[in-house]
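Student: Coordinates only, no sequence provided:
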């Protein structure tokens, strides 16, 4: 099932630690380990996930590096967008997260959407599943078997343009987001590590919606899913006769993103999410911005919470002077 939202990749850059952009650097290429998802008959070597990984921070939420890219290159293809934001923001909106706060500022005819971080991030990555995904994708992108995983605040990002249709027109959204890997044809790939893999009903009920929209807004056709074990006490696969090491990927699968909504509906028909749900919630947000955020230089907070699924908008009296100054310095007026 395809979305009506059209996404194209219009550029690449390397986000440096100071949040500036080094334009033109491409994402990492898939290595020969891709054979394990291209040929399912091959036995996947157990991949240890129980590795300490440093927290890389929240660079994918911020817009400074995208603003610097625009400073260096101008508006991609000379097209001024209606909205500038991040991939992370669009994913959270489309998957209908109940706990989200977005700051919207209008400058020179463009609305800039900045998402407040949705939860604590100042604790070790080893305490959450984030490091599992980093280790998993490193297996498919490292230059050789000896290359260690090094995590810092740098990343390689793509610049995307999304066209969101509505009535007789459309919105033009420019945004950036990290690209984990590309193949020889420069096609984007996403990665996900899941306990029990796609056999796990929890994945289809709770994670498949986010995986779908993450691949849509990342312009990725495939999601590479790794099935992992728990610890010895809680996972039969770590005991006889399997004896797979705990916290290890033991199986890999290539999942087409269009399969996500179809399979989720089959697995959980009474509570299934739909592609149109995500499209509608994005359209509702953009309509609200078009209606309310009309004054140059004014900032607003748009939010919703678990008790109220409707968007609530209020003026932001504090604003974001530092970000506004950055836009004024870097962004072309036309």
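Tutor: Happy to help now that I have it. Keep in mind that this is a model prediction, so the values were computed, not measured.
Student: all strands of the stretch 201-334 of the chain, in order?
Tutor: For the stretch 201-334 of the chain, the strands defined by DSSP state E, counting those that start in this stretch cover 220-228, 248-256, 299-305, 308-315.
Student: what's the weakest-modelled helix or strand in this protein?
Tutor: Among the helices and strands of the chain, strand 308-315 carries the lowest confidence by mean pLDDT, DSSP states H and E, at a mean of 86.
Student: Just checking: what are the partner strands of that one?
Tutor: Neighbouring strands of strand 308-315 in its sheet, by DSSP bridges, are strand 299-305 (antiparallel).
Student: Residue ranges in the chain under the pLDDT threshold?
Tutor: 55-59, 117-130, 231-243, 334 (pLDDT under 70).
Student: and of the strands of the stretch 201-334 of the chain, who's closest to residue 43?
Tutor: Taking CB to CB as the criterion, residue 43 comes closest to strand 248-256 out of the strands of the stretch 201-334 of the chain, the separation being 9.2 Å. Backbone N, C-alpha and C define where each C-beta goes, glycine included.
Student: Sort out which residues of that closest one are buried, please.
Tutor: 248, 249, 250, 251, 252, 253, 255 (16 or more other CB atoms under 10 Å).
Student: Please name every helix or strand in contact with it.
Tutor: helix 35-38, strand 47-48, strand 220-228 (3 or more CB pairs under 8 Å, 6 or more residues apart in numbering; DSSP states H and E).
Student: Would you pull up how far it lies from the middle of the chain?
Tutor: 19 Å (CA atoms, centre = their mean, to the nearest Å).
Student: Same check on stretch 17-33?
Tutor: On CA atoms, centre = their mean, the centre of stretch 17-33 falls 16 Å from that of its chain.
Student: And the contacts of it?
Tutor: For stretch 17-33, the external contacting residues (CB atoms under 8 Å, 6 or more residues apart in numbering) are 11-16, 59, 62, 64-66, 68-69, 72-73, 139-143, 152-154, 156, 158, 179-184, 186, 188-189.
Student: Out of those residues, list just those in strands.
Tutor: 11, 12, 13, 14, 15, 156, 158, 181, 182, 188, 189 (DSSP state E).
Student: Now do the contacts for the second one.
Tutor: Residue 12 is in contact with 23, 24, 25, 26, 27, 156, 157, 158, 159, 179, counting by CB under 8 Å, 6+ apart.
Student: Show me the helices in the stretch 201-334 of the chain, by range?
Tutor: 201-202, 208-217, 259-267, 275-292, 321-330 (DSSP state H, counting those that start in this stretch).
Student: looking at the ones you listed, which is buried most?
Tutor: helix 208-217 (a mean of 24; mean count of other CB atoms under 10 Å).
Student: between that helix and helix 275-292, how many degrees?
Tutor: 60 degrees (axes from the mean of the first three to the mean of the last three CA atoms, to 10 degrees).
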